[in-house]
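S.K.: Provide a 3D model corresponding to the input given below.
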Amino acid sequence: MADRREKRRSWERRLAMAGAGLVAVILLPAAATALLPMPSLELWAIGLLVLEFSLVFAVIAVVGVVLAWLAARRPSGRRVAVVLAVVNAAMLVTALLPAVSAWGTARAYGVPLSLAGYLDGLSTSAGRGPDETVRYARAGGEDLMLDVWRPEAAPGAGRLPVVVNVHGGAQDAPQSPFPRWDAWLADSGYVVFDVDYRFFRPYDWKSSPGDVKCALGWVVRNAERYGADPARITLMGQSAGGYLSMLAAYATAAELPPSCDVPEVRPDAVIAWFAPGDATAEVPSPFRLSETVRRQLAEETWPLADEDWKRASPSTYLRPGLPRTLLIQGGRDILQTAGYTRDFAARLAQAGVRHELVEIPYADHQFDLVWGGFGSQIARHVVRDFLNAAN
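M.R.: Sure, this is the predicted structure:
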């Protein structure tokens, strides 16, 4: 009986050792995608998901530590078990750091983070589609489309404020790539117009922001049709869309005309997520931006003549009286470094532009992909506060 019990315990400890090793094998590559330079955008995107779901990996690491401790009770193989315990404990600490950072940021902004909503999926689906898809212009032989999102619940009396959303990305894409944000904004009491535009053309810096201005003019002309208030418009964009939003909002029609025949529209506010404000600035490549990815992105960035880079920069048009601006930035952004956005915020202040900068220290570029992540939870809170103050 004693021999049988001892054999069972021996097998249990071996299984615990194998389990602790399996956990380490899972965690180490996952951590590498979030911490080290990745050779492709696809692997970088995996690292983004690892970062945003780090608490899941923290739970896995706890399991690994417990299994390694159980395995260490067996004299043979104890040294290996101790090594596995140390590795999994290190992964646990690493996985907890983003959450701890997020809690500190959330406390500073008075954001109640939700553990229940942490695993609430991605923002690439909304459970419903837009209320309408319409063509707002035809330019350069292309139909320019926008999606209209309205509140599901019937609004009260009066027209609703407007959010014009401009998507980002490193390639041409249709409107509403992250529809959950559109649906959330609409159900928060806004009429949302998510617009497509002609993607950056070689040696042509005016077409894309001109299309955004064209969409703004279309929205004003058609506001009554959708119960929208043309006097309360916020222009919002992510990454390249944030850059275009600032450029379209800051430059006058004389400096940058719309690409179609519409009146000049100056939005009341701008929200720019991890967006470049000065195309002429030298931005250092962070450690996690591999040379392969840097070249891939450089090839996809539209080339301009040397004299056009300044004119294509939102910073060129800074002056008092510009729309109030909210900058949302991730502290670990590999494409739009946090220091670069801080510098641009300082230029806004110097120019007398009312603005806010919200930096989420652990977050990477395009963290808004993860709907339930702490970064997106914080962003929803500050965006709601910013919009309420504007309206």
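S.K.: all strands of the protein, in order?
M.R.: Counting by DSSP state E, the segments of the chain that form strands are 132-139, 142-149, 160-166, 191-195, 228-238, 269-273, 324-330, 355-360.
S.K.: wait, residue 249 sits on residue 321?
M.R.: No. Contact criterion C-beta atoms under 8 Å: residue 249 and residue 321 do not qualify, at 11.6 Å. Using the backbone N, CA and C atoms, a C-beta is placed for each residue, glycine as well.
S.K.: compare the two (neighbour count), which wins?
M.R.: Taking residue 249 and residue 321 together and counting by other C-beta atoms under 10 Å, residue 249 has the greater number of neighbours (28 against 9).
S.K.: check contacts around that one.
M.R.: For residue 249, the residues meeting the contact criterion (C-beta atoms under 8 Å, 6 or more residues apart in numbering) are 235, 266-267, 270, 322-323.
S.K.: and if we set it to 10 Å?
M.R.: With contacts defined as C-beta atoms under 10 Å, 6 or more residues apart in numbering, residue 249 is in contact with 164, 209, 212-213, 216, 233-235, 237, 265-270, 272, 314, 317, 322-323, 325.
S.K.: that older thread, tabulate the strands of the chain (a markdown table), appending mean neighbour count, distance to residue 16 and mean pLDDT.
M.R.: What follows is the strands of the chain, written out as a markdown table (neighbours: other C-beta atoms under 10 Å; distance: least, C-beta to C-beta, whole Å; pLDDT from 0 to 100):
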| stretch | mean neighbour count | distance to residue 16 | mean pLDDT |
| --- | --- | --- | --- |
| strand 132-139 | 16 | 56 | 95 |
| strand 142-149 | 20 | 52 | 95 |
| strand 160-166 | 25 | 51 | 97 |
| strand 191-195 | 28 | 51 | 97 |
| strand 228-238 | 23 | 45 | 96 |
| strand 269-273 | 27 | 45 | 98 |
| strand 324-330 | 24 | 38 | 97 |
| strand 355-360 | 20 | 38 | 96 |
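S.K.: of these, which is nearest residue 256?
M.R.: strand 228-238 (13.7 Å; C-beta to C-beta).
S.K.: tell me how the chain divides into domains.
M.R.: Taking automatic domain parsing as the reference, the chain has its domains at 2-108, 132-390.
S.K.: so for the first one, mean pLDDT?
M.R.: Spelled out, that is domain 2-108. Average pLDDT, domain 2-108: 89.
S.K.: which residues sit against stretch 115-127?
M.R.: Around stretch 115-127, the neighbours that count as contacts under C-beta under 10 Å, 6+ apart are 49, 52-53, 55-56, 99, 114, 149, 176-184, 186-187, 366, 368-374, 376-377.
S.K.: same check, this time on stretch 219-226
M.R.: Stretch 219-226 is contacted by residues 131-132, 134, 136, 146, 148-150, 159-160, 162, 164, 191-193, 195, 228-233, 235, 262-265, 267 when judged by C-beta under 10 Å, 6+ apart.
S.K.: once you drop chain neighbours, what's closest to residue 387?
M.R.: Once flanking residues are discounted, residue 387 sits nearest to residue 234: 6.1 Å by C-beta to C-beta, 6 or more residues apart in numbering.
S.K.: for that neighbour, give me its contacts.
M.R.: By C-beta under 10 Å, 6+ apart, the residues touching residue 234 are 161-165, 185, 190, 192, 245, 249, 267-271, 323-324, 326, 383, 386-387, 390-391.
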